[in-house]
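> My questions are about this predicted structure, shown below with the sequence.
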2 protein chains.
Amino acid sequence: MTNDEKYMEEAYQEALIAYQNKEVPVGCVIVVNDKIIARAHNERHTKKCSIYHAEILAIEKACKALNRWILDDATIYVTLEPCNMCSGAIIQSRIKKLVYGVAQPKYGCVESTLNLFREGLFNHTVKVEKCSLNEKIENLMKNFFQELREKKKNSD
Amino acid sequence: MTNDEKYMEEAYQEALIAYQNKEVPVGCVIVVNDKIIARAHNERHTKKCSIYHAEILAIEKACKALNRWILDDATIYVTLEPCNMCSGAIIQSRIKKLVYGVAQPKYGCVESTLNLFREGLFNHTVKVEKCSLNEKIENLMKNFFQELREKKKNSD
């Protein structure tokens, strides 16, 4: 298992907590000097706040842990391709590297709707990689949305 | 004075607080049913957190005030063109209308670097307007950056 896979597994564990809470199952960890300094999962519905995506919550925790707002020595691992807001937050935090799991065709801002990380667009460039731990993440997402559809069907 | 100008004046008052705190002077208010439900100013340096832009803090407060994450009856007034993160947060919150003051050529994601609000890009479309209260906001921004340059020059 590579280091990236090890930390993506930790992000996956966070996604599982979101899944148990009936949230879109997205998890995230932030690593500095080979140590996890922040971990979070999607809490938008539970906490009734639109900005409480896993990445936003993890970045806030990371800033508090390091007592600074520039995270240029940090790598962020997130199970799902970041949305417009979270892509922006990663760039605004000057994070060094982003590793994400599976694509989000409707909202993703790395490879899907557009690429907010393309070089030269903003004054900070984040290194971006896709992790190979995708199958179990994909299954978790599929299960969540299948269950959601069935729940909706049964309540119609 | 139009309603939009009245609320932009309130956002400007928030920007003045940021200015007094030596932050990039950006202020924001969120209005529902002709009432301000949240107000905030940039606190990135003061609170040492990269996500603490005025819009993010105001959206968080608005969600808490309304006890819901969908803000589709809200108008957000912000003195500066929103960045990538804040534009995303406005779209993610499904805010009805954005009114902003002056452009931010380096980071702005409405008319400057790109337009995250263009119809059809995401599944939610925000109505976007530019407010006519620009001169005093522009002067505040100019003063801030001029003072910052002078401070840097004196410390070299």
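Great, that's in hand. Keep in mind that what you see is a predicted model, and the values were worked out from it rather than measured.

> Now for the most centrally placed residue in chain A: which residues touch it?
Geometric centre of chain A, nearest residue: residue A:78, 3.1 Å, by C-alpha atoms, centre = their mean. Neighbour list for residue A:78: A:11, A:26, A:27, A:28, A:54, A:55, A:86, A:98, A:99, A:100, A:101 [criterion: C-beta atoms under 8 Å, 6 or more residues apart in numbering or on different chains]. Every residue, glycine included, has its C-beta placed from N, CA and C.

> now do 7 Å
Going by C-beta atoms under 7 Å, 6 or more residues apart in numbering or on different chains, residue A:78 touches A:11, A:26, A:28, A:54, A:55, A:100.

> among those, which ones are buried?
A:11, A:26, A:28, A:54, A:55, A:100 (16 or more other C-beta atoms under 10 Å in any protein chain shown).

> now the spatially closest residue to residue A:9 that is not a sequence neighbour: how far from residue A:26?
Distance criterion C-beta to C-beta, 6 or more residues apart in numbering or on different chains; nearest residue to residue A:9, sequence neighbours excluded, is residue A:133 at 6.5 Å. Counting by C-beta to C-beta, to the nearest Å, the separation of residue A:133 from residue A:26 is 14 Å.

> One more: residue A:5?
Distance from residue A:5 to residue A:26, by C-beta to C-beta: 18 Å.

> Got phi/psi on residue A:36?
phi -70, psi 120 (degrees, to the nearest 10).

> and what of the one 3 residues further on?
In terms of degrees, to the nearest 10, the main-chain angles of residue A:39 are phi -140, psi 150.

> What is the burial count for it?
22 (other C-beta atoms under 10 Å in any protein chain shown).

> pLDDT of stretch A:54-62, averaged?
The average of the pLDDT scores along stretch A:54-62 is 98.

> any residue of it up close to chain B?
Yes: contact of stretch A:54-62 with chain B (C-beta under 7 Å from any C-beta of the partner chain) involves A:56, A:59, A:60.

> what about the second one, how many neighbours?
This points to residue A:59. 29.

> For the particular helix or strand that has residue A:76 in it, which residues meet the burial criterion?
Applying DSSP states H and E as the criterion places residue A:76 in strand A:74-80. Residues of strand A:74-80 classed as buried: A:74, A:75, A:76, A:77, A:78, A:79, A:80 (neighbour count, 16+ other C-beta under 10 Å).

> Over to stretch A:95-110?
A:95-102, A:104, A:107-110.

> any chance you could map the helices in chain A?
Secondary structure of chain A by DSSP state H: the helices cover A:3-20, A:54-66, A:84-92, A:134-155.

> tell me which parts of chain A are close to chain B?
Residues of chain A lying near chain B (C-beta under 7 Å from any C-beta): A:44, A:48-51, A:56, A:59-60, A:63, A:67-69, A:71, A:83-85, A:87-89, A:91-93, A:106-107, A:113, A:116, A:121-123.

> Narrow those to those that are buried.
A:44, A:49-51, A:56, A:59-60, A:63, A:69, A:71, A:83-85, A:87-89, A:91-93, A:107, A:113, A:116, A:121-122.

> And the pLDDT for the residue nearest to residue A:124 when sequence neighbours are not counted?
Leaving aside its chain neighbours, residue A:124 sits nearest to residue A:94 (5.0 Å; criterion: C-beta to C-beta, 6+ apart). Reported pLDDT at residue A:94 in the predicted model: 97.

> go on, residue A:155?
So residue A:155 comes in at 81 (pLDDT).

> same thing with residue A:15?
The model's pLDDT for residue A:15 equals 97.

> wait, doesn't it sit right on residue A:28?
No: assessed by C-beta atoms under 7 Å, residue A:15 is found out of contact with residue A:28, at 8.4 Å.

> circling back to that earlier point, save the residues of stretch A:54-62 next to chain B as a markdown table, and put in distance to residue B:137 too.
Compiled in a markdown table, the residues of stretch A:54-62 next to chain B are given as follows (distance: C-beta to C-beta, whole Å):
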| residue | distance to residue B:137 |
| --- | --- |
| A:56 | 27 |
| A:59 | 28 |
| A:60 | 28 |
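
> check contacts around the residue nearest to residue A:124.
A:70, A:71, A:72, A:124.

> between the buried ones among the contacts of residue A:78, which is nearest chain B?
Lowest distance from chain B to those (C-beta to the nearest C-beta) belongs to residue A:55, with 9.5 Å.

> Need the pLDDT of the closest residue in space to the closest one that isn't next to it in sequence.
Spatial nearest neighbour of residue A:55, chain neighbours left out: residue A:86 (3.9 Å); criterion: C-beta to C-beta, 6+ apart. On pLDDT, residue A:86 comes in at 98.
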